[in-house]
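Trainee: Next come a sequence and a model predicted from it.
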Amino acid sequence: MNTPNVYGSQQGDTPARSKHGVLGRIMYRPFWLVVYTLCKVVFRLRVDGRENLPDGPFVLSAVHRSFIDTPIVGVITGKRLRFMGKESLWNSRPLGAFLTFFGGFPVDRGVADRTALRAAEDVLALGEPLVMFPEGTRQEGPRLNREQMLDGPAFVASRAGVPIVPVGIGGSSKALPLGAKIPRPRKIVAVIGEPIMPPEKVNGKVPRRAVKDLTEVLFAELGDLYVEARVLAGDEPAPS
């Protein structure tokens, strides 16, 4: 007999977190259209590389330097995106309800959250792109730190057999720095890189070394895109 888990699904069933309500699906595009308009007006948003977005499911992995990164990522494509976020965001009932309404679901970064990973795989199996920030939480600095890169996006993409699309975001750390509550009008640029293909499975499984290697490739590509986005946003001079 199946027993319900804490997320309301049953063992062997699709995790409740991977489901997106009908009303949320209907309101998704109108909501993000408003967000896109605000981003264009307030942040003079520029998006380069939209042609690199695949037609099918993929894991979208962006640099994370500000709370603004989430809405920026949400408007770089007209496709409906699903977001995996840290579980603490759901500690606030209103915020958690809002995030869930628009297709987000939580993950506990401190443990092997199998339910969240199953939900991520289910989302991709349904043909929906999934957003996962490889740095886990907001970080600081003009360059990426390899030690802060998590294997989560590479692991999920490898298991699902879908590409990872890296995205560099420049200007967001100036528009809303860590600790700030009110955003400033500041140019923001998002640069979408070419898809990174997942490794081949061996006997139906993904070798752990292959996941690590995929993270290394993502780190290198994302680092270059971050510098490019920062230059375009005016955060740093162009390399000579």
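Mentor: Good, I have the coordinates. Numbers count the residues shown, from 1 in each chain.

Trainee: Please make it C-alpha for all contacts and neighbour counts, starting now.
Mentor: Noted.

Trainee: Poorly predicted segments of the protein, please.
Mentor: 1-19, 109-113, 240 (pLDDT under 70).

Trainee: change it to 80
Mentor: The chain contains residues with pLDDT under 80 at 1-21, 24, 85-90, 96, 100, 102-103, 105-117, 238-240.

Trainee: Let me see the ranges of the helices in it.
Mentor: In the chain, the helices defined using DSSP state H lie at 22-43, 69-74, 93-101, 114-125, 152-160, 172-175, 208-233.

Trainee: mind checking how far the fifth one is from the chain centre?
Mentor: Taking the mean of its C-alpha atoms, helix 152-160 sits 13 Å from the chain's own mean (C-alpha atoms, centre = their mean, to the nearest Å).

Trainee: Output the contacting helices and strands for that helix.
Mentor: strand 59-62, helix 114-125, strand 164-170, helix 208-233 (3 or more C-alpha pairs under 8 Å, 6 or more residues apart in numbering; DSSP states H and E).

Trainee: how does it look with 6 Å?
Mentor: helix 208-233 (3 or more C-alpha pairs under 6 Å, 6 or more residues apart in numbering; DSSP states H and E).

Trainee: what do you get for the last one?
Mentor: With contacts defined as 3+ C-alpha pairs under 6 Å, 6+ apart, the packing partners of helix 208-233 are helix 152-160, strand 164-170, strand 189-192.

Trainee: would you list those in JSON lines and tack on mean neighbour count and distance to residue 106?
Mentor: Listed next are the helices and strands packed on helix 208-233 as JSON lines, based on neighbours: other C-alpha atoms under 10 Å; distance: least, C-alpha to C-alpha, whole Å:
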{"stretch": "helix 152-160", "mean neighbour count": "23", "distance to residue 106": "14"}
{"stretch": "strand 164-170", "mean neighbour count": "29", "distance to residue 106": "20"}
{"stretch": "strand 189-192", "mean neighbour count": "27", "distance to residue 106": "25"}
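
Trainee: Dump the ones you listed to a markdown table, plus distance to residue 122.
Mentor: Putting the helices and strands packed on helix 208-233 into a markdown table (distance: least, C-alpha to C-alpha, whole Å) gives the following:
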| stretch | distance to residue 122 |
| --- | --- |
| helix 152-160 | 9 |
| strand 164-170 | 16 |
| strand 189-192 | 24 |
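
Trainee: Show me what stretch 72-90 is in contact with.
Mentor: 36, 96, 103, 104, 105, 106, 107, 108, 129, 130, 131, 132 (C-alpha atoms under 6 Å, 6 or more residues apart in numbering).

Trainee: Could you do stretch 163-181 as well?
Mentor: By C-alpha under 6 Å, 6+ apart, the list of residues contacting stretch 163-181 reads 58-63, 65-66, 183-184, 186-193, 195-198, 222, 225-226, 229-230, 233.
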